[in-house]
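> Sequence plus the predicted model coming up.
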Amino acid sequence: MVKIAPSILSADFCNLERDIRRVSAADWLHVDVMDGMFVPNLTVGLPVVRSIRAHTGMFLDVHLMIHKPARYIEQFAKAGADLLSVHLEADHPAQIAGALRAMEDSGVKKAVALRPITSSKAVLPYIEQLDMVLVMTVEPGFGGQKFMESQLDTIREVRAIIDRYNPACELEVDGGVNARTAPLVIEAGATVLVAGSAVYGAEDPAKAIEALRR
């Protein structure tokens, strides 16, 4: 069954503990970390991840939209992340490889993320060691953007790469996922769906989560 990972980017940060409880029916909790350099926006950092970890046992899927992420892998792992995603565009390939080694050393699951401008083939040097590939279906940096249907081809291509080289690897899709687009990305091969406004904007988040699974 497909996993659902609500994004706290759409939560009420004045009531974050409450809003985490509201999505407890989900499989994972998606945490977007933005540094104002790799993307133009700023969001949460290490103190917030630590606080979230102290108040939930949910699997923490931490998406690092930050420049030179290898510098912070160990710290985010210690803060409580269960999985870390780093963007292939955020540093040189040797440094991305170093970030993945740091994840291995820190005992967290390893993932790379692709912006819409990035070819699916960019995952090939890393695919056999990954626990997940994250395909963005919007430009990273802001919530509430429109789903880019052209990225369905990238999802299919990454699915083919995963099936060939590392079938156990998850394929996560993030950006504009809702009741209309979820079936499209599932059909294309996604196994984990990130949803922000589609969950937190619903009157009943638990029902919205179940609707996305179908």
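Received, thanks. Numbers count the residues shown, from 1 in each chain.
> partners of Ala113 in the sheet?
Beta-bridge pairing for Ala113 (DSSP bridges): His87, Leu134.
> Please give the number of neighbouring residues around it.
Ala113 is flanked by 25 other residues according to other C-beta atoms under 10 Å. Bear in mind the C-beta positions are built from the backbone N, C-alpha and C, glycine included.
> List the contacts of the residue nearest to the spatial centre of the chain.
Computing the C-alpha centroid of the chain and ranking residues by C-alpha atoms, centre = their mean puts His63 first, at 4.9 Å. Applying C-beta atoms under 8 Å, 6 or more residues apart in numbering to His63 gives the contacts 30-33, 85, 113, 134, 174, 194.
> So it, which state does it fall into?
Three-state assignment for His63 (DSSP: H, G, I helix; E, B strand; the rest coil): strand.
> does it have beta-bridge partners, and which?
Note on His63: beta-bridge partners by DSSP bridges are Asp32, Ser85.
> returning to what we had before: let's have the contacts of His63 in JSON lines, adding pLDDT.
Shown next, in JSON lines, are these (pLDDT from 0 to 100):
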{"residue": "His30", "pLDDT": "98"}
{"residue": "Val31", "pLDDT": "97"}
{"residue": "Asp32", "pLDDT": "96"}
{"residue": "Val33", "pLDDT": "97"}
{"residue": "Ser85", "pLDDT": "98"}
{"residue": "Ala113", "pLDDT": "98"}
{"residue": "Leu134", "pLDDT": "98"}
{"residue": "Asp174", "pLDDT": "96"}
{"residue": "Val194", "pLDDT": "97"}
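> out of these, which one sits closest to Arg101?
Nearest to Arg101 out of these is Ser85 (C-beta to C-beta; 15.5 Å).
> right, and Leu83 touches Met58 too?
No - the pair Leu83 and Met58 does not pass the contact test of C-beta atoms under 8 Å, sitting 11.7 Å apart.
> Specify which residue of these two has the higher count of neighbours.
Using other C-beta under 10 Å, the more surrounded residue of Leu83 and Met58 is Leu83, with 24 against 19.
> List the contacts of that one.
Applying C-beta under 8 Å, 6+ apart, the residues contacting Leu83 are 28, 59-62, 108-111, 131-132.
> now, which of those residues sits nearest Lys78?
Ranked by distance to Lys78 (C-beta to C-beta), the contacts of Leu83 are led by Val108 at 9.7 Å.
> That closest one: how many residues sit nearby?
22.
> that older thread, any shared contact partners between Leu83 and Met58?
Trp28.
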